[in-house]
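J.: Structure for this input, please:
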Amino acid sequence: MVGQQALVIVVVQGGPGDDSNPNSNTPCFNIKSLDQFQNSNYFNQAQKNKKKKKKNSRQVSQKRVIKAYQDFLLKMNKKGYEVNIFEDIFLELSTNSQTGKFDEKSIFEAEGGLELEAKGIVNNLRRPDNPKVDLDFVAKRADFEETIFIDHKRMIDFRSLSDKGIDISGFPSHDQKGKFIGTNQSPASMAEVVHLYNFKNIRNRTEIPVLMQAVLNGAEQAAYMNGIIFLNYE
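T.: Numbers count the residues shown, from 1 in each chain. As a prediction, this is how the structure comes out:
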C-alpha cells in the first residue's frame, strides 16, 4: 500500500508494515537505531499539551483562509481531483472549534480532511458538534456510510529536530482514540476513531518511511493497529 500515490489506509493485521498482502510493495522499515521512536512514553506524552497548542495556534484573517481555499482547489486540480466545496464550507472547517477563530492549524486540518473527501475516502466532513470532543472532524465512511471521528495529526521533522538537540517528546499518541468515548456526541467505540497522519510539511522526504514505521510501532504499543490513514507521504 505504501507504494501507492497520495494516500494509504493501513489496517494492520500482522506486524508493522504488513498489510497482509503477499504481493504488496509495502517496504519493511527498520528503525532499531532510533531508540526514541521505540519508547512507549515517547508516544504517550503528546496529549498533555495538545489542547494548549491548539488554542495557541497563530490566528489568521479571513483573507488568509480564502487564499488557502483557492490554493487548495488549484492543488487538487493539479492532482486530478474534482472538488465541489464552497468557500463558506472551507471557512467553517478552518475555524478552531474551541476558540471560534481562524488559525493556521485549523486551515491545515481542513485541507487534509477535504483531501480525504476528494479521494473518495469520506463524505460529509464537519467539525464535531460537541467542542469538548477534541477530535478534529466527524465524517461518513464513503464505503460503509458509517460515522467516524478523525484525529488529524501534522507530522514534522522529528529526526531533524532530534539531531539539533530539540525535545521531540511530543510525538502523536494513540491515547486519543479512547479518550472521549462516552462523552455526549462522541465516538461510541474505538472503532469509530481514525488517525490521519499528514506528511505534507516534512521537508526531508527521506525521513517519511522512518516516521511511518514509528507510527505503526506506536499503534502496536497502544494495542490498537486499525484505523490509520497516511496522507501526502509520496
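
J.: and A68, how far is that from N232?
T.: 15 Å (CB to CB, to the nearest Å). Glycine gets a C-beta too; all of them are placed from N, C-alpha and C.

J.: Contacts for the lengthiest helix in the chain, please.
T.: Counting residues, the longest helix found in the chain (DSSP state H) is helix 62-78. For helix 62-78, the external contacting residues (CB atoms under 8 Å, 6 or more residues apart in numbering) are 82-83, 85, 87, 90-91, 94, 102, 107, 111, 114-115, 118.

J.: Going by neighbour count, which of those comes out on top?
T.: S94 (28 neighbours; other CB atoms under 10 Å).

J.: need the contact list for it.
T.: The neighbourhood of S94, defined by CB under 8 Å, 6+ apart, consists of 65, 68-69, 102, 106-107, 109-110.

J.: can you pull out the strands in the chain?
T.: With DSSP state E as the criterion, the chain has strands at 7-10, 122-126, 137-141, 147-154, 193-198, 228-231.

J.: Who are the packing partners of the third one?
T.: Which is strand 137-141. Judged by 3 or more CB pairs under 8 Å, 6 or more residues apart in numbering; DSSP states H and E, strand 137-141 is in contact with helix 104-118, strand 122-126, strand 147-154.

J.: The last one pairs with which strands, parallel or anti?
T.: Think strand 147-154. Using DSSP bridges, the strands paired with strand 147-154 are strand 137-141 (antiparallel), strand 193-198 (parallel).

J.: same thing with the shortest one?
T.: Based on DSSP bridges, the pairing partners of strand 122-126 within the sheet are strand 137-141 (antiparallel).

J.: Show residues contacting the strand it pairs with.
T.: Contacts to strand 137-141, defined as CB under 8 Å, 6+ apart, come from residues 93, 109, 113, 116-117, 121-129, 146-150, 152.

J.: for the contacts of S94, which one is nearest I156?
T.: I156 lies nearest to E109 out of the contacts of S94, by CB to CB, at 14.7 Å.

J.: To what extent is that closest one buried, counted in neighbours?
T.: For E109, using other CB under 10 Å, the count is 26.

J.: Next up, the contacts around it.
T.: Neighbouring residues of E109 by CB under 8 Å, 6+ apart: 93-94, 136-137, 152.

J.: Can you give me the distance of it to K63?
T.: With CB to CB as the criterion, E109 and K63 are 19 Å apart.

J.: Can you pull out the low-pLDDT segments for this protein?
T.: Applying pLDDT under 70 to the chain picks out residues 1-56, 158-162, 166-178.

J.: circling back: make a PyMOL selection of the buried ones in the contacts of strand 137-141.
T.: Buried residues within the contacts of strand 137-141, by 16 or more other CB atoms under 10 Å, are selected in PyMOL with:
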select buried, resi 93+109+113+116+117+121+122+125+127+128+148+149+150+152
